[in-house]
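Asks: predicted structure and sequence below. I'll ask about it afterward.
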Protein chains: 2
Amino acid sequence: MQNGTNKKYGVVIVAGGSGKRFGTDMPKQFLLLNGKPVLMHTIERFAETKLPMKIVVVLPEAHHETWTKLCTEHAFELPHELVTGGDERFFSVKNGLEKLDECKIIGIHDGVRPLISAELIEKCYATAERNGSCVPAIAVPDSLRRGSFSKNEIVDRTNLYRLQTPQVFRKDWIIGAYRQSFDKEFTDDASVAEKAGFPIILTSGEEENIKITHQKDLSLAATFFSMKSTFK
Amino acid sequence: MQNGTNKKYGVVIVAGGSGKRFGTDMPKQFLLLNGKPVLMHTIERFAETKLPMKIVVVLPEAHHETWTKLCTEHAFELPHELVTGGDERFFSVKNGLEKLDECKIIGIHDGVRPLISAELIEKCYATAERNGSCVPAIAVPDSLRRGSFSKNEIVDRTNLYRLQTPQVFRKDWIIGAYRQSFDKEFTDDASVAEKAGFPIILTSGEEENIKITHQKDLSLAATFFSMKSTFK
């Protein structure tokens, strides 16, 4: 499935999960949400925006065949390019970025965040186009402590934000940032860009834009999904 | 409804929410979960443990009449003492603690966390009895940043925990801690106890032990509830 060429906007959808953490043999990006694999919903969210978007999906080599079969089964025909993942998320993203050299603005999105709205995607890309970067963020409502179970101290939650995806950047920023050597302290793309010296601009995220990590998240996603009349 | 006397264990269930944040006129502790107000489920969780437990429920004065009516409507007869809340959570807890002078170990629990298991409650009380305090905690899976939307920096999430309730303490520790003057930096009972010089011991919390703050949380709670065959 081809994307066509010379699109201004691009996204790397990273779906590297092996299913181990989920307690199932099926990687979580392939589990069904409203009868369709989670990853297909995620791709639809980006295809649905007003932006001409080139979509690259990164999957471990071992999952390519399963994905191709799933696409046939579900008659899923949205254009996307399939790329092989690396051992670490960093290398998966890097592999994906290589396919988006034609784009001016590039986002990186978790394959298991299928509930983002087109409006939030468009807002992130518009902000990144204006300011160089944009990451959706939401406040942390809980009290936090840091340390061990037996010795720990309070962490101030003032002005503290949890990040979501897509994390969107000007192409030269993100491609440049990913030329750095891998550092195990990279927890997301913002941390890679920050280490390369680029400022990170935040925007208000969405409570519904959850990452499906645990079984409970799939149930929650189904609940959210049923509330979104615009999703298919 | 009386609790009887001389119980070794006590809990202050704080239900001060006014419903404003929830976007409904009904305070969230009174919303229905499986046909019954959330707060009744929460009280049941504590009544269900193996521990002889004196239960104090703190509600704003304005909600006492509603609660009494709901108890009649739902034929809710679990013993608990109703106490009037203060302007800040700190004062609500303090009002509740005054009724538990007979207890040796006292927990403070959010009225809108109805999905905690009896096992976790018992573990928290046993740990607090042994070590003076115990608070359930879960790891933070998200990338975090602190600052403004336009200028911010990464926050290390290593050894970082989100706290839940019940936050359980030896009676003399928590009563002593609540003799301090109110400080707006008190975000929970652990922060009050910590400022008084007491160590906070953490234990593994439960993903299901969510706080019902937003409409989506009520949907998630309903999903979790349906998975818990032991809940009524």
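Replies: Sure thing, it's come through. Because the structure is a prediction, the values reported are computed rather than measured.

Asks: which SSE is the closest residue to A:Thr223 other than its chain neighbours in?
Replies: Using Cβ to Cβ, 6 or more residues apart in numbering or on different chains and skipping residues adjacent in sequence, the residue nearest A:Thr223 is B:Ser219, 4.2 Å away. For glycine as for every other residue, the C-beta is placed from the backbone atoms N, C-alpha and C. Assigned by DSSP states H and E, B:Ser219 falls within helix B:215-227.

Asks: residue contacts, the residue nearest to A:Thr223?
Replies: A:Leu220, A:Thr223, A:Phe224, A:Met227 (Cβ atoms under 8 Å, 6 or more residues apart in numbering or on different chains).

Asks: and if you look at A:Leu39?
Replies: A:Leu39 is in contact with A:Ile13, A:Ala15, A:Gln29, A:Phe30, A:Val57, A:Trp67, A:Gly111, A:Val112, A:Pro114, counting by Cβ under 8 Å, 6+ apart.

Asks: swap in 10 Å and give it another go.
Replies: A:13, A:15, A:17, A:27-31, A:33, A:57, A:59, A:63, A:67, A:70-71, A:76, A:80, A:111-112, A:114 (Cβ atoms under 10 Å, 6 or more residues apart in numbering or on different chains).

Asks: which phi and psi does it have?
Replies: phi -60, psi -30 (degrees, to the nearest 10).

Asks: can you count the residues close to the closest residue to it other than its chain neighbours?
Replies: Closest residue to A:Leu39 apart from its sequence neighbours, by Cβ to Cβ, 6+ apart: A:Gln29 at 4.2 Å. If you count neighbours by other Cβ atoms under 10 Å in any protein chain shown, A:Gln29 ends up with 27.

Asks: check A:Ser226 too.
Replies: When neighbours are counted by other Cβ under 10 Å, A:Ser226 comes out with 11.

Asks: ok, now A:His41?
Replies: 23.

Asks: how close does it sit to A:Gln29?
Replies: 10 Å (Cβ to Cβ, to the nearest Å).

Asks: spit out the contact partners of the residue nearest to A:Leu39.
Replies: Counting by Cβ under 10 Å, 6+ apart, A:Gln29 makes contact with A:13-17, A:19, A:22, A:37-42, A:57, A:59, A:63, A:67, A:110-112, A:114, A:212.

Asks: what about the helices in chain A?
Replies: Ranges of helices within chain A are A:38-47, A:64-73, A:89-97, A:118-131, A:171-177, A:189-195, A:215-227, based on DSSP state H.

Asks: a markdown table for those, including mean pLDDT?
Replies: Putting the helices of chain A into a markdown table (pLDDT from 0 to 100) gives the following:
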| stretch | mean pLDDT |
| --- | --- |
| helix A:38-47 | 98 |
| helix A:64-73 | 97 |
| helix A:89-97 | 96 |
| helix A:118-131 | 98 |
| helix A:171-177 | 98 |
| helix A:189-195 | 97 |
| helix A:215-227 | 83 |
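
Asks: the residue lying closest to A:Phe169 once chain neighbours are set aside and A:Tyr9, how far apart?
Replies: With Cβ to Cβ, 6+ apart as the criterion, A:Phe169 has its nearest non-adjacent residue at 4.9 Å, and that residue is A:Ser133. With the distance defined as Cβ to Cβ, A:Ser133 ends up 14 Å from A:Tyr9.

Asks: same check on A:Lys99?
Replies: 13 Å.

Asks: now swap in A:Pro60 and tell me
Replies: 26 Å.

Asks: between the two, who's got more neighbours?
Replies: Neighbour comparison, A:Pro60 and A:Tyr9: the larger count goes to A:Tyr9, with 25 against 17 (by other Cβ under 10 Å).

Asks: report the central residue of chain A.
Replies: Central residue of chain A (Cα atoms, centre = their mean): A:His109, 1.7 Å from the mean position.

Asks: what score does it have for pLDDT?
Replies: Note on A:His109: pLDDT of 98.

Asks: the closest residue to it other than its chain neighbours: neighbouring residues, count only.
Replies: The shortest distance from A:His109 to any non-neighbouring residue, by Cβ to Cβ, 6+ apart, is to A:Pro166 (4.1 Å). The burial count assigned to A:Pro166 is 27, neighbours taken as other Cβ under 10 Å.
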